[in-house]
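Visitor: 3D model of this:
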Amino acid sequence: MEAADLEKHKHNNTRMEVFARLAKLEAANADLAKSLATLQWNLEQVELKEVNHEELRRKISDAHQANVEMTRKEIEEPT
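Guide: I've put the predicted structure just below:
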């Protein structure tokens, strides 16, 4: 009977160790998921800023082109 009790005790200890490891892995997984979500949000913010930057660059270019065309017309057709 003693051998059976010893095996049960070892088995219970092993189970407890596994549960402790599992808890650590789950906590690490939660931390990684949070970090991933933060990084994805940051990436989205960078992408939005890039889109806005390109839109402003296009507007500036369009305004510059319109100014060049208006200046050209003034030179060609003085009033």
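Visitor: Which pLDDT value goes with Q40?
Guide: pLDDT, Q40: 98.
Visitor: low-confidence ranges in this protein?
Guide: 1, 78-79 (pLDDT under 70).
Visitor: show me where it has helices.
Guide: Here the chain has its helices, by DSSP state H, at 2-76.
Visitor: Quick test: name the residue nearest the centre of it.
Guide: What sits nearest the mean C-alpha location of the chain, by C-alpha atoms, centre = their mean, is Q40, with 1.5 Å.
Visitor: Next, count neighbours for A33.
Guide: A count of nearby residues for A33, using other C-beta atoms under 10 Å, gives 10. Using the backbone N, CA and C atoms, a C-beta is placed for each residue, glycine as well.
Visitor: now it: how far from A23?
Guide: 16 Å (C-beta to C-beta, to the nearest Å).
Visitor: same deal with L39?
Guide: From L39 to A23 the distance is 25 Å (C-beta to C-beta).
Visitor: Then L6?
Guide: Computed as C-beta to C-beta, the L6 to A23 distance reads 26 Å.
Visitor: now do A63
Guide: Distance of A63 to A23, given as C-beta to C-beta: 60 Å.
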